[in-house]
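Q: Need a 3D model of the following:
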Amino acid sequence: MIGVTECATCVNIAGIMPMVPIMPNLLEGAHIQYKSYGGWSFAFKDYTEAGVMQWLDDDIFNEMFAFLDPLSYKDRLAKMPTYIVLSSDDEFMMFDWTSKYMDQFRPLGETKLLIAPNSEHSLMTAIPKFISALSTFARSIAAGNTEEQRPSFDFQKSDDDRSIIVTIPEGGQKPKSVMLRHAETFSTLRRDFRWATLASEDNKNCSWPWLSMEKETEDDLKSTHNLDDDMKIASN
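A: Model prediction:
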């Protein structure tokens, strides 16, 4: 929709809500992934087998990114409110790539971000979360509300990254609650928050890190779902 030109018959787009979209600064993000995982995610299998990734730093990729990168369309993005939805455990893209591009969106106008917790690329496990958020956003736009009438906040991290200061604009809506989320990686060897990964002989046995349960209960679950004790948690 960003590429739509203005004309007499064009649809008037009042706002956009891209979900697990093509990431701005994709080239930088891809390099971060390679360093974090020690290689490409298994989700890039089609691209690696086709030899695409070996051309990542070639000029032809820069030409392609000029068309694909949303930041190439800053003038159009500045005209509409934007709500970006990402999954926290995406097997394609790393959710914290946002630290590399969100600051470039904010000067363009209203840009909100939802990183849906406990979700993979399809967002299946986050449907209630993002449907609630996006429908509220859409209703606000449809009602003719302005950016100032929608909740917003700003934040700053301390130099030592040990604290976060959150600021509500003067006259802005006060939040009913504030939630701080954190996560631990499945792997102790790499910075990898993916839920779905490719099995490897180097990985630990399968476990249930997000559930607190007795071993007997875990064994019953493995038996019910035919999960082998030697089943491995993925690496790449």
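
Q: Below-threshold pLDDT in this structure: ranges please.
A: Within the chain, the segments meeting pLDDT under 70 span 1-9, 199-214, 218, 221-222, 225-236.

Q: centroid residue for it?
A: residue 86 (2.9 Å; C-alpha atoms, centre = their mean).

Q: beta partners for that residue?
A: residue 115 (DSSP bridges).

Q: quick one: it and residue 20 touch, right?
A: Yes: Residue 86 lies in contact with residue 20 (C-beta atoms under 8 Å); the separation is 6.1 Å. Heads up, the C-betas are built off the backbone N, CA and C, glycines and all.

Q: Spell out which residues are contacts of both of these two.
A: Listed as contacting both residue 86 and residue 20 by C-beta atoms under 8 Å, 6 or more residues apart in numbering are residue 93.

Q: Look at the spatially closest residue to residue 48 that is not a sequence neighbour and say how many residues are nearby.
A: Leaving aside its chain neighbours, residue 48 sits nearest to residue 40 (5.7 Å; criterion: C-beta to C-beta, 6 or more residues apart in numbering). Residues within reach of residue 40, counting by other C-beta atoms under 10 Å, total 16.

Q: hang on, residue 40 in a helix?
A: No: assessed with DSSP: H, G, I helix; E, B strand; the rest coil, residue 40 is coil; it does not lie in a helix.

Q: For it, grab phi and psi.
A: Taking degrees, to the nearest 10, you get phi -90, psi 150 for the backbone angles of residue 40.

Q: Next: the one 5 residues further on.
A: The phi and psi torsions at residue 45 (degrees, to the nearest 10) take the values phi -50, psi -50.

Q: That one: neighbour count?
A: 11.

Q: for residue 129, same thing?
A: 16.

Q: For it, what is the enclosing helix or strand?
A: Using DSSP states H and E, residue 129 falls within helix 127-142.

Q: If you count contacts, what does that helix end up packed against?
A: Secondary-structure packing of helix 127-142 (3 or more C-beta pairs under 8 Å, 6 or more residues apart in numbering; DSSP states H and E): strand 82-87, strand 111-116.

Q: gap between it and the chain center?
A: 17 Å (C-alpha atoms, centre = their mean, to the nearest Å).

Q: Report the angle between it and strand 82-87.
A: Between the axes of helix 127-142 and strand 82-87, defined by axes from the mean of the first three to the mean of the last three C-alpha atoms, to 10 degrees, the angle is 180 degrees.

Q: Now the element after helix 127-142, going C-ward?
A: Next along from helix 127-142, by DSSP H and E: strand 154-157.
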